[in-house]
Each structure stands twice: as structure tokens, then as C-alpha cells.
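**Student:** Predicted model follows, preceded by the sequence.
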Amino acid sequence: MAKIPYRYENLKDSGIKWLGNIPVHWNVERAKSLFRRMQRPISDSDDIVTVFRDGEVTLRKNRRTSGFTNSFKEIGYQGIRKGDLVIHAMDAFAGAIGVSDSDGKGTPVYSVYTPEDPTRVHIPYYGLLVREMAISGFVLSLGKGIRERSSEFRHKEFAPLELPVPPLAEQQAIADYLDARTAQIDRKIELLRQKAEKYRQLKQSIINETVTRGLDPSAPMKDSGVAWIGQVPAHWALRRIKDIGRSIIGVTYTPEDIVENESVGTLVLRASNIQDDKLSMDDSVYIRSEIADQRTLRKNDVLICSRSGSRTLIGKNIVIDERAEGCSFGAFMTVLRLKVSSKFISYYLKSSLFESQSGSFGSSTINQLTVTTLNNMFVPMPPNQELDAVVAYLDMKTGGIDNLIEMIETQIEKLQELRKALINDVVTGKLRVV
């Protein structure tokens, strides 16, 4: 069991605004006196090391092999060794700082460091400290003059920084404690994520079963005549989207059309505004109202992500309510304006029936659900009275599951906040572990 941290009894002013008080026996020194910047040559046998935003610095092949930008010529690449402190100059603000667990090579955008004096510096402690400084916003705060709000954190920014210097044994104890304690928290978070994923799978299976078979498991079935749909209840009708509604492509706008806020423009909804089947306003963009007026959302419209580099985003959708009524929507989105239940069609788009048609709009470069493809999709539909019962049932079942997932996500957020606060308090001397 990890030790319970407690507070230091004697503190002093560090003289550093972001750091505040530190234990009286700690010192403060500039990074350039603690670290030596390394620029090693590389060899043909070196594999690429990547600094990830979660603080892991490892061989790229250990994490994933796709989704990276590859250089035709590795100009300026440098050797990285296990135990080096590595800082991603362009991505440090997001947490891309850590200690390498492997030998290899890295891009010149990385700054690579070893201790000037290994008897005074324990690299894992400073990996935690400098990363905490970055993700808490300190890196962005360094931007001044022409570099205002720049996210760059290169050697010239790092070298003059004043850093706390606990005794070496204390640095080691802090790093060991945080390794153990954060591992415990991470395990709890992973178990909660697995639990949430099981609920998401249950929700998906309920939607799949209900939009294909209805609520009566004993109802006689018939062949729909459409391969990916298979059998449906004998009394259900098969309808094309174009026969039950109209598809509307979103508005095209340029960066010059973007304005500051709702007082001078109109909110334009994009894929990022749909999170976990709900409307999210966390990533809001406003455009000039005369542009937005070309496409205005109405209550009960189904807003669909119809174009994306990610296949998993295609078909993501919400039913528009009063909060988004009057907003606009972007060119990578499509709206279905329907004559039938919007909620039923929304559930259909979240079902395996929609997923089974993914081959009709996927490609190696872009995934796009065109209006033509959407209009020609078949939907198995129950009679109106049964349709209302199906929607009510799905609202009840999925709503309950969504509430459980939300509770789990809240627990995860609290654990993540605890993890962050613990690291901050321990590496900066607010809490003592020895």
C-alpha cells in the first residue's frame, strides 16, 4: 500500500510565482545548470521514439504504427537513450514530456536531456515536474511579444526556467511514490472505462434488436428483400429515406466568415458538437449570420455527421431540440427533415443496420455519406402506433444506460482530477512522502 502523504512542517518562499512555497531544505536552480542538452548521432538500427501526450516516451511501434506523419528524409534526427528526459517542443503544452523507456531516434523538434550531475538529479522526478508545469498552463504562459500564445517550448524556453531541487533521495522517493500511486488510480480508471464500454455495448445491442424486431419477440417475420437488413416483422414496411424526408447539406463557410460569439454571429454545429449522443456546446464556432441563414436548424431535425476522416464518426447524430433550434450546421453535416418520428430514424442511424452499409460510403482517403446514398437507404418501419411504443421503449432503456455511463464518467473525471492534484502537490513540495 502506498504511503499516505502529509505536509512539510517548514516552508520558505521559492521566489518563483508559479511554485510558491517549498520545503526549507529544497533549493532552486535554473534548468540549464541541472541538465545537459544532448544531440547524439543516430545509427541505421535506431527505431523511431515518439513522445506521446500522456507522458509516455517509447518506440513508436510499441504504441501504434498508423496516424503519424512520416519524413521522406530524416533530416536532423537525433539519438535518444533510455532514461533521457524528452520534451516535444510543439506539443509540450498538451503533456508531451516524459522519460524515454527505450533507445532510438527522434525528430529535431524534440529536446533531449541528461543530468549534468547524476548525483543531484533524478530524471523521473523532473519528467513528472516539467510535464506538470506544462499541462497546468505554464508553457502557454511563457508566450510574450510576437510569440504571444505560442505553444513552443524549445531549449531556449526551458534552459532559463527556475526549478525546485529536492535532495536526490527525496526526488527518488517522490518518483517512486507517484509511480505506485498513479498506477493504482490508473487501474481504477481502466476498470471504470471497461465497465462503461460494456454498458455502451448493451445499449447498442438493445438498439439493434429493437429497430429490427420491434417489441414483440413472437411476431411473425418476413424477408425484407435487402441483404443487410435480413428479416423484419411481417407487418413492418420498408421505406427509403427519400420517401420519408428530405436531406439537406450543411453550409460552406471560410475562416473569414468566423466571428467571435453569438452577439455578432450564429452558432454553426459540427461533428464536435455531438458527444455521446448528446448536444455539446464545448466547442462552439460562430459564423456571420447572413452565411448561417442559408441553413437553419428546426426542432426535430436529425443532424448527422456525414463526412470525416474517421469512419467511426459517420452517422453520429442527434435530434435537434429547442437549444439548437435556429442554429446553423457545417458542410460536413447533413440534416434529415422528416415526415416520421425523428427519434426512430436517429436510433436507426445508430444501429447495426446503418453500420452494415458502411462499405457504400467508405474510402481510403475520406469517409462520406452522400445525400444520394442517404436518400436511397432502406428503413424497416413499424406502423405509427407501434413506432411510438418502440421510441418510448428505447428512450427508457437507453436513457437509463446513459445515466449509468454518465455516473461512471463522473467517477473517472474525479479520479483524473485526484491524480493531477496529487502529482502537482507532491512534485512541488506541497505534500511530503518521505
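**Tutor:** Looks like it came in fine.
**Student:** Outline the domain layout of the chain.
**Tutor:** According to automatic domain parsing, the chain comprises the domains 1-7+172-217+382-434, 27-165, 237-381.
**Student:** Now do the longest one: distance to the chain's middle.
**Tutor:** The chain centroid and the centroid of domain 237-381 are separated by 21 Å, computed with Cα atoms, centre = their mean, to the nearest Å.
**Student:** For the lowest-mean-pLDDT helix or strand in the chain, buried residues please.
**Tutor:** Ranked by mean pLDDT, DSSP states H and E, the helix or strand of the chain with the weakest confidence is helix 138-141, at a mean of 75. Residues of helix 138-141 classed as buried: 138-140 (neighbour count, 16 or more other Cβ atoms under 10 Å). C-betas here are computed from N, CA, C, even on glycine.
**Student:** Over to stretch 374-383?
**Tutor:** Quick answer for stretch 374-383 (16+ other Cβ under 10 Å): 374, 377-382.
**Student:** Any chance of JSON lines for these, columns secondary structure, pLDDT and distance to residue 60?
**Tutor:** Shown next, in JSON lines, are the buried residues of stretch 374-383 (DSSP: H, G, I helix; E, B strand; the rest coil; pLDDT from 0 to 100; distance: Cβ to Cβ, whole Å):
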{"residue": "374", "secondary structure": "helix", "pLDDT": "91", "distance to residue 60": "38"}
{"residue": "377", "secondary structure": "coil", "pLDDT": "90", "distance to residue 60": "39"}
{"residue": "378", "secondary structure": "strand", "pLDDT": "91", "distance to residue 60": "43"}
{"residue": "379", "secondary structure": "strand", "pLDDT": "93", "distance to residue 60": "44"}
{"residue": "380", "secondary structure": "strand", "pLDDT": "94", "distance to residue 60": "45"}
{"residue": "381", "secondary structure": "strand", "pLDDT": "94", "distance to residue 60": "48"}
{"residue": "382", "secondary structure": "coil", "pLDDT": "95", "distance to residue 60": "50"}
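**Student:** Can you say which two of these are spatially most distant?
**Tutor:** Maximum pairwise distance in those, criterion Cβ to Cβ, is 21.1 Å, between 374 and 382.
**Student:** mind listing the strands for the stretch 1-150 of the chain?
**Tutor:** With strands called from DSSP state E, counting those that start in this stretch, the stretch 1-150 of the chain shows them at 11-13, 21-23, 27-30, 35-38, 49-51, 57-59, 78-80, 85-88, 97-99, 104-106, 110-115.
**Student:** residues in contact with stretch 243-252?
**Tutor:** The contact list for stretch 243-252 (Cβ atoms under 8 Å, 6 or more residues apart in numbering) reads 241, 268, 287, 291-292, 294-295, 306, 328-340, 345, 371, 374-375, 379, 381.
**Student:** Mind doing that once more with 7 Å?
**Tutor:** The contact list for stretch 243-252, computed with Cβ atoms under 7 Å, 6 or more residues apart in numbering, reads 268, 291-292, 294-295, 328-340, 371, 374-375.
**Student:** same question, stretch 15-29
**Tutor:** The contact list for stretch 15-29 (Cβ under 7 Å, 6+ apart) reads 8, 10-14, 138, 162-167, 428-429.
**Student:** how about 10 Å then?
**Tutor:** 7-14, 116, 120-121, 129, 133, 136-138, 141, 161-167, 170-171, 428-430, 432 (Cβ atoms under 10 Å, 6 or more residues apart in numbering).
**Student:** got it, and stretch 226-240?
**Tutor:** 211-216, 219-225, 245, 340, 352-360, 374-383, 386-387.
**Student:** For PyMOL, what selects the buried ones among those?
**Tutor:** In PyMOL, a selection of the buried entries from those looks like this (16+ other Cβ under 10 Å):
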select buried, resi 211+212+213+214+224+245+352+353+354+355+357+374+377+378+379+380+381+382+386+387
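**Student:** Of the contacts of stretch 226-240, which belong to strands?
**Tutor:** Judged by DSSP state E, the subset of these located in strands is 221-223, 245, 378-381.
**Student:** Could you dump the domains of the chain into JSON lines and include distance to residue 18?
**Tutor:** What follows is the domains of the chain, written out as JSON lines (distance: least, Cβ to Cβ, whole Å):
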{"stretch": "domain 1-7+172-217+382-434", "distance to residue 18": "9"}
{"stretch": "domain 27-165", "distance to residue 18": "6"}
{"stretch": "domain 237-381", "distance to residue 18": "27"}
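**Student:** returning to that earlier point: turn the strands of the stretch 1-150 of the chain into TSV, including distance to residue 188.
**Tutor:** As requested, these are exported to TSV (distance: least, Cβ to Cβ, whole Å):
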stretch	distance to residue 188
strand 11-13	32
strand 21-23	30
strand 27-30	35
strand 35-38	34
strand 49-51	26
strand 57-59	23
strand 78-80	32
strand 85-88	28
strand 97-99	22
strand 104-106	32
strand 110-115	32
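**Student:** CSV for those strands, including mean neighbour count and mean pLDDT?
**Tutor:** Formatted as CSV, the strands of the stretch 1-150 of the chain follow (neighbours: other Cβ atoms under 10 Å; pLDDT from 0 to 100):
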stretch, mean neighbour count, mean pLDDT
strand 11-13, 12, 95
strand 21-23, 19, 96
strand 27-30, 14, 96
strand 35-38, 17, 97
strand 49-51, 26, 96
strand 57-59, 21, 97
strand 78-80, 21, 97
strand 85-88, 25, 97
strand 97-99, 25, 97
strand 104-106, 23, 96
strand 110-115, 22, 97
